[in-house]
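Trainee: Structure for the following, please:
(2 chains)
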Amino acid sequence: GENVEQHPSTLSVQEGDSAVIKCTYSDSASNYFPWYKQELGKRPQLIIDIRSNVGEKKDQRIAVTLNKTAKHFSLHITETQPEDSAVYFCAPRGNDYKLSFGAGTTVTVRA
Amino acid sequence: DVKVTQSSRYLVKRTGEKVFLECVQDMDHENMFWYRQDPGLGLRLIYFSYDVKMKEKGDIPEGYSVSREKKERFSLILESASTNQTSMYLCASSPQDRLNTEAFFGQGTRLTVV
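Mentor: Numbering: from 1, shown residues only, chains lettered A, B, ... in the order given. Model prediction:
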């Protein structure tokens, strides 16, 4: 199973600035690296993911970068907007079926 | 449209009661999971199942058990509810396909044990 750590635990940014969240994991066999977003009162939903044969993936204002050597991957949000305020979770997938999440990062975008 | 449905949105139970939380998914997913979510602690895995009648302990299984008699249904059981089990419980499912492993969540059950 994975040991998953997420930093920071809270992040406050001015609207329009960038936000970066880092996730470190322990299982060197991990090959799937997703990020989930949970808005207040809603269920978590996948927003972006990356596989181990790719170093970076972008989808409009969000991107995920992967460093397999160092065993971490990061979520980047550019030009932050109020609707980006949420809790973000990483959930690296190892070789077993277990699905463990990081403790979450609460992002607050200040207007 | 994938649907993961939990039987109750809110539940209030008394200490010592046996509590059943039900989860049903309609996407023929092999994997199902139960988490509890508490402020500042993220999503903590209680139990998971990768096949009918198969179950594995997660990170915090104490005080809980599970049942998976059918592929689409995964039940979480609190044998004797205690106040420290007051929490939001989330069920999730995902396929075992290595190229498609997105997890889909239910709407959550807010359990209060009094």
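Trainee: what's the nearest residue to residue 19 if we skip its chain neighbours?
Mentor: Defaulting to chain A. A:Ile77 (4.4 Å; Cβ to Cβ, 6 or more residues apart in numbering or on different chains). Yep, even glycine has a C-beta here, placed from its N, CA and C like the rest.
Trainee: Not quite, go with chain B.
Mentor: Nearest to B:Val19 is B:Leu78, by Cβ to Cβ, 6+ apart, at 4.1 Å.
Trainee: next one: B:Thr5
Mentor: In space, B:Thr5 is closest to B:Val24, 5.1 Å off (Cβ to Cβ, 6+ apart).
Trainee: so how far is B:Val113 from the one you found?
Mentor: 23 Å (Cβ to Cβ, to the nearest Å).
Trainee: Likewise for B:Lys13?
Mentor: From B:Lys13 to B:Val113 the distance is 5 Å (Cβ to Cβ).
Trainee: what sits in contact with each of the two?
Mentor: B:19, B:81 (Cβ atoms under 8 Å, 6 or more residues apart in numbering or on different chains).
Trainee: Show me which residues of chain B are close to chain A?
Mentor: B:31, B:33, B:35, B:40-43, B:45, B:48, B:50, B:56, B:58-59, B:90, B:92, B:94, B:96, B:98, B:101-103, B:105-108 (Cβ under 8 Å from any Cβ of the partner chain).
Trainee: Now do residue 87: how many residues are near it, please.
Mentor: All of this refers to chain A. 21 (other Cβ atoms under 10 Å in any protein chain shown).
Trainee: Chain B is the one I meant
Mentor: Neighbours of B:Ser87 using other Cβ under 10 Å come to 20.
Trainee: Quick check, it in contact with B:Pro39.
Mentor: No. The pair B:Ser87 / B:Pro39 is not scored as a contact, 9.8 Å apart, by Cβ atoms under 8 Å.
Trainee: what mean pLDDT does stretch B:88-99 have?
Mentor: When pLDDT is averaged along stretch B:88-99, the result is 88.
Trainee: what's the distance between it and the middle of its chain?
Mentor: On the basis of Cα atoms, centre = their mean, to the nearest Å, stretch B:88-99 sits 10 Å off its chain's mean C-alpha point.
Trainee: Extract the CA atoms of that stretch and return them as PDB.
Mentor: C-alpha atoms of stretch B:88-99 as PDB (Å, rounded to 0.1, in the frame of the first residue of the first chain):
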ATOM      1  CA  MET B  88     -19.200  11.600   7.100                       C
ATOM      2  CA  TYR B  89     -19.000   8.200   5.300                       C
ATOM      3  CA  LEU B  90     -18.200   8.100   1.600                       C
ATOM      4  CA  CYS B  91     -18.500   5.100  -0.700                       C
ATOM      5  CA  ALA B  92     -16.600   4.800  -4.000                       C
ATOM      6  CA  SER B  93     -16.200   2.400  -6.800                       C
ATOM      7  CA  SER B  94     -13.700   2.000  -9.600                       C
ATOM      8  CA  PRO B  95     -12.900  -0.400 -12.400                       C
ATOM      9  CA  GLN B  96      -9.800  -2.600 -12.300                       C
ATOM     10  CA  ASP B  97      -8.800  -1.700 -15.800                       C
ATOM     11  CA  ARG B  98      -5.200  -0.400 -15.600                       C
ATOM     12  CA  LEU B  99      -5.900   2.300 -18.200                       C
END
